[in-house]
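Student: one predicted model, sequence on top.
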Amino acid sequence: MKRIAISALLVLAFAACSSAPTVYGPAATTSATGYREAKIEDDRYRVSFRANSDLKAPQVEDMALRRAAEIALQNGREWFLVVNRFTDLAGGYSGGSGTSVGVGGSSGTYGSSSGVGIGFSFSPDTRRYETTLEILLGSGAKPTSPDAYDARSILSRAPA
């Protein structure tokens, strides 16, 4: 009976740590994975992409850039300029496996004691990231700024 309880606990622990793979598409809610966009003014947008723990920060930024490129082309523009970008944690736990050792002691009226403890962590990295970009759309010659991107070029290299 004890083995069954331990096995069930382990299965629940691993199931709780896993998340569905991130799928590129619009976010269903403000806290869901996927992209969101807001038109700020003519040719200026705020674009964000939130992912599950299967993607790390650089990959999440790539997804936001992909959406920015799509917006540029949908609006008949050839390039976009990122005027502001921010990537942050959107939840999760950094986890990581490892060990720790602690030493403690006490003394009092009835004597003294000391002890050593060892801890183990097998928690996976479940951090989720979100990248937010503010972009300006443009046509004609692309600016020489490193923050200017050719929309077609981004879409030709971005994962689907």
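Tutor: It's in. Numbering: from 1, shown residues only.

Student: helices of this protein, residue ranges please.
Tutor: With DSSP state H as the criterion, the chain has helices at 2-17, 57-74, 151-157.

Student: from the contact counts, what lies against the shortest one?
Tutor: Which is helix 151-157. Judged by 3 or more Cβ pairs under 8 Å, 6 or more residues apart in numbering; DSSP states H and E, helix 151-157 is in contact with helix 57-74. For the C-beta atoms, the positions are set from N, CA and C on the backbone; glycine is no exception.

Student: got the buried residues for the helix it packs on?
Tutor: Neighbour-count burial for helix 57-74 flags 60-72 (criterion: 16 or more other Cβ atoms under 10 Å).

Student: can you tell me how far the residue nearest the centre of the chain is from Val82?
Tutor: Note on the chain: the residue nearest the mean C-alpha position is Tyr129, at 1.7 Å, using Cα atoms, centre = their mean. From Tyr129 across to Val82, the span is 17 Å (Cβ to Cβ, to the nearest Å).
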